[in-house]
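Peer 1: Below are the sequence and a predicted model; questions follow.
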Amino acid sequence: MCMKVLFFPYTSELGATQSSVKIAEILRKCGDEVIFAGEGPYCRFIESHGFKVVKVVEVDIDMHLRYIQNASMGFHNKQTIEQFIEDELRIIKEIEPDVVVDLFRPTLYISSKIAGIPRVSICNGILTRYYNMPLEIPETHWAHNIFATPGLHKLMYPTANLIKNISYKVWANPYNSVLEKYNLPRVKSILDLLEGDKTIVFDAKEFAPMLIPGDNSSVHILGPILHDITNKLPDWLIEIDEKKNVIYLSMGSTGSMLPNIIDDLVYLYGDNENYQVITNTLGLYPVNKNKLPRNFYIEDYLNANSILKKSNLFITHGGRGSIYHSLQNGVPIIGIPHQPEQEWNLNRLESLKLGKKLSKRNYNREDLKNAVEDLINNEEYKVNAKNFQVILNNYNGPEEAASVIKNVLNGKKKDKYRQPGV
């Protein structure tokens with residue numbers, strides 16, 4: 001059965017947009033009609049793959065980063081929630097999709113119920129109720145310095161769990177006010193709003209352990225869902241000598257430290273015949289290529305898989321997409337996180353001895369040098385990364401995600417719209 005699918009990725013972030021496009025391409029091959037809603041800069045990436053994009057209000061990227069970097073998901077109030085719902089319902093009425101799909105758009109939990117339409121939510125394991133690993137208080141949270149002291153560090157994890165649970169409940173309060181308006185049941189946590197009729201977790205269970213009740217058939221752990229921003233290969237790629245130490249640097253669409261790290265790598269390894277350094281700017285930072293040493297290669301956009309196949313070390317911000325891209329190629333990682341989720345990702349990476357985490361707050365050139373040389377010279381990290389590559393090769397996230405979306409209806413018809421107070 002062919003369907004009309006309406007995607008709501010957060011188009012101010014590249015990773016979420018790329019994953020959506022990867023799934024959409026598979027659905028299109030199956031004969032389904034796929035339309036996107038967004039207004040961020042990466043709408044152009046969607047359109048470049050031949051998909052229609054209709055405009056919908058999104059959280060401002062600067063505000064989003066400000067909240068996320070301060071370990072908060074409380075960027076909505078009752079007024080903005082109602083504004084988002086109004087815009088979502090407008091588009092749903094206009095497009096008349098069979099199913100809506102989103103990445104981290106909690107207001108769609110309410111809109112989909114009002115519209116009586118199935119919703120498939122795509123999220124990572126940490127942002128579910130089922131994540132089964134301890135989380136420490138992130139560096140950007142006000143309580144971190146208190147509990148990071150030696151005498152209190154043992155309280156870091158239980159305190160983080162308490163803060164997390166209280167915060168998730170508080171952030172759900174404005175949504176509950178709107179849910180009550182529509183006579184819909186309240187939620188206990190903001191994490192409830194990130195689940196749909198079906199929930200796709202684009203994580204590997206070996207990296208993000210989850211404890212899901214046996215009777216819950218709505219949550220699907222499918223592994224990485226990745227998509228490269230370009231298939232074009234640079235002319236200089238043939239110059240990369242895999243017998244040398246090849247470092248790939250990419251700090252994602254929300255990382256802000258790229259210029260500093262480039263400067264440090266130039267200082268440490270510029271014109272060093274044993275090193276080659278490759279980086280991409282995603283068009284976010286002006287870098288004068290002519291001023292870089294001859295062993296440095298830079299482009300706005302690169303095909304990550306092609307570069308990682310020639311690399312033996314990846315320096316990144318610690319986003320899930322970057323981590324999985326690297327591990328799918330068996331490459332160890334140095335991570336410098338910019339926000340809590342990336343910190344937690346990199347903590348897990350360290351615990352599996354797949355790489356090292358550096359502090360953004362206390363970042364310095366000497367720590368970067370020590371981490372680079374440790375990962376390049378320590379065979380354990382290389383072996384572990386190659387072993388994890390084998391694990392990830394057993395997943396087929398994009399195909400299975402498309403299957404979950406196609407099967408969400410299960411022969412059911414859409415319900416009628418729910419009016420306020422009905």
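Peer 2: Cool, got the structure.
Peer 1: the helices in the stretch 201-350 of the chain, which residues?
Peer 2: All helices of the stretch 201-350 of the chain, identified by DSSP state H, counting those that start in this stretch, fall at 258-269, 304-308, 320-327, 340-351.
Peer 1: okay, those, which one's buried deepest?
Peer 2: helix 320-327 (a mean of 25; mean count of other C-beta atoms under 10 Å). Yep, even glycine has a C-beta here, placed from its N, CA and C like the rest.
Peer 1: who's in contact with that helix?
Peer 2: Surrounding helix 320-327, the residues in contact under the criterion C-beta atoms under 8 Å, 6 or more residues apart in numbering are 14-15, 18-19, 124, 202-204, 207, 224, 226, 250, 252, 304-305, 308, 314, 316, 332-333, 335, 341, 345, 349, 354, 385, 388-389, 392.
Peer 1: okay, the angle between that helix and helix 340-351?
Peer 2: Calculated by axes from the mean of the first three to the mean of the last three C-alpha atoms, to 10 degrees, helix 320-327 forms an angle of 20 degrees with helix 340-351.
Peer 1: Just the CA atoms from helix 320-327 would do, formatted as PDB, please.
Peer 2: Provided in PDB are the C-alpha atoms of helix 320-327 (Å, rounded to 0.1, in the frame of the first residue of the first chain):
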ATOM      1  CA  ARG A 320      25.500  10.200  17.400                       C
ATOM      2  CA  GLY A 321      25.800  10.500  13.700                       C
ATOM      3  CA  SER A 322      29.500  11.300  13.800                       C
ATOM      4  CA  ILE A 323      30.200   8.600  16.300                       C
ATOM      5  CA  TYR A 324      28.400   5.900  14.200                       C
ATOM      6  CA  HIS A 325      30.000   7.100  11.000                       C
ATOM      7  CA  SER A 326      33.400   6.700  12.600                       C
ATOM      8  CA  LEU A 327      32.700   3.300  14.200                       C
END
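Peer 1: if you skip the residues just before and after it, what's nearest to residue 302?
Peer 2: residue 280 (4.3 Å; C-beta to C-beta, 6 or more residues apart in numbering).
Peer 1: where in the stretch 301-422 of the chain is pLDDT low?
Peer 2: 410-422 (pLDDT under 70).
Peer 1: Could you list the low-pLDDT ranges of the chain?
Peer 2: Ranges of the chain meeting pLDDT under 70: 254-255, 410-422.
Peer 1: mind giving me the domain split of it?
Peer 2: Taking automatic domain parsing as the reference, the chain has its domains at 4-223+396-406, 235-392.
Peer 1: got the end-to-end distance for the first one?
Peer 2: Using C-alpha to C-alpha, to the nearest Å, the end-to-end distance of domain 4-223+396-406 comes out at 10 Å.
Peer 1: From the chain's centroid, how far away is it?
Peer 2: Mean-position distance between domain 4-223+396-406 and its chain equals 10 Å (C-alpha atoms, centre = their mean, to the nearest Å).
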